[in-house]
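>>> this one's structure only:
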């Protein structure tokens, strides 16, 4: 259900349930969370790419499992979605979502939990839970941070899909490209990320989360501390020396 492909410091994770349009059931969510959590301590890891096999990234939560839920099992299922999304957010390296086809419901929450999102033209994004009699929950809470409160409200209250161009215009995704160029566009982004120093990227990711969640004064204070911490290692001076023109 989850396929992990390693290429040096780059890990590519594929949702691999194409016959179900990569719909997220408990087994797939548990496997994805375990895969992401298992990568967290890998010191050789530099970038993670999250993608989907088949004709879409993810069609959302598995409707057959949703239909069988009761109050207690519903809480457990939502917690599984959160565990997978939180594992992506907590990885100490950048996570890039490679999106195509459909990015629906819990699949959009998973994409929102990634650091960068790249989508092919024709991809559709939607949060249709209210049409199924349930609210959008857990990492749907990231949507106002990405697109603003009004656009987030539009997504979760209407359930109407938007296309990749509108998703780009709204700030939900960072890059939109032709479907034939999706792999190349993701690869180019991975190379840009690999140019960064691993520890600096980790601190920057942590600061991005802090800036989202903390008051401004606290965010600035933490930024000052992280800047000083960066100089505890040799990498900043080594890299900076290489940028100084020689007389």
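Thanks, I have it. As the structure is a computational prediction, the values presented were derived from the model and not from experiment.
>>> C-terminal to the lengthiest helix in the chain, which secondary structure element comes first?
Scanning the chain for the helix with the most residues, using DSSP state H, yields helix 71-90. Later in the chain than helix 71-90, the nearest helix or strand by DSSP states H and E is strand 95-99.
>>> Can you show me the helices along the protein?
Counting by DSSP H, the helices of the chain are 26-39, 63-67, 71-90, 106-112, 143-147, 149-158, 164-170, 182-194, 198-213, 216-230, 235-243.
>>> Include distance to residue 133, mean pLDDT and mean neighbour count when you put those helices into CSV, please.
From N, CA and C alone the C-beta is placed, and that goes for glycine too. Below are the helices of the chain laid out as CSV (distance: least, CB to CB, whole Å; pLDDT from 0 to 100; neighbours: other CB atoms under 10 Å):
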stretch, distance to residue 133, mean pLDDT, mean neighbour count
helix 26-39, 20, 98, 19
helix 63-67, 10, 97, 14
helix 71-90, 11, 98, 17
helix 106-112, 16, 98, 27
helix 143-147, 20, 97, 18
helix 149-158, 14, 98, 16
helix 164-170, 25, 98, 19
helix 182-194, 34, 98, 16
helix 198-213, 30, 95, 15
helix 216-230, 38, 93, 12
helix 235-243, 52, 81, 10
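>>> Nearest to residue 97 among those would be which one?
Judged by CB to CB, the one of these that comes nearest to residue 97 is helix 106-112, at 4.4 Å.
>>> Compute the distance from the centre of that closest one to the centre of its chain.
In terms of CA atoms, centre = their mean, to the nearest Å, the centre of helix 106-112 is set 7 Å apart from its chain centre.
>>> For stretch 162-178, what is the spacing between the initial and final residues?
17 Å (CA to CA, to the nearest Å).
>>> List of residues touching it?
Residues from elsewhere that reach stretch 162-178, judged by CB atoms under 8 Å, 6 or more residues apart in numbering: 99, 112, 116-126, 143, 146-148, 151, 155, 184-185, 189.
>>> Please state the offset of it from the chain centre?
15 Å.
>>> Likewise for stretch 147-158?
The answer for stretch 147-158 is 19 Å, by CA atoms, centre = their mean.
>>> Count residues in the vicinity of residue 98, would you?
When neighbours are defined as other CB atoms under 10 Å, residue 98 has 26 of them.
>>> Check the contact between it and residue 186; I expect there is one.
Yes - with contacts counted by CB atoms under 8 Å, residue 98 reaches residue 186, the gap being 4.8 Å.
>>> okay, and the common contacts of those two?
49, 51, 118.
>>> Can you give me the end-to-end span of stretch 127-140?
9 Å.
>>> Pull out the buried residues from that stretch.
Buried residues in stretch 127-140, counted by 16 or more other CB atoms under 10 Å: 127, 128, 129, 136, 137, 138, 139, 140.
>>> Switch these over to TSV; also include distance to residue 62 and pLDDT.
Formatted as TSV, those follow (distance: CB to CB, whole Å; pLDDT from 0 to 100):
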residue	distance to residue 62	pLDDT
127	16	98
128	14	98
129	13	98
136	16	97
137	16	96
138	16	97
139	17	97
140	17	98
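>>> So which of those is the closest to residue 68?
residue 129 (16.3 Å).
>>> quick one: the closest one and residue 105 touch, right?
Yes - look at residue 129 against residue 105 with CB under 8 Å: they come within range, at 6.0 Å.
>>> Quick check: neighbours shared by these two?
residue 136.
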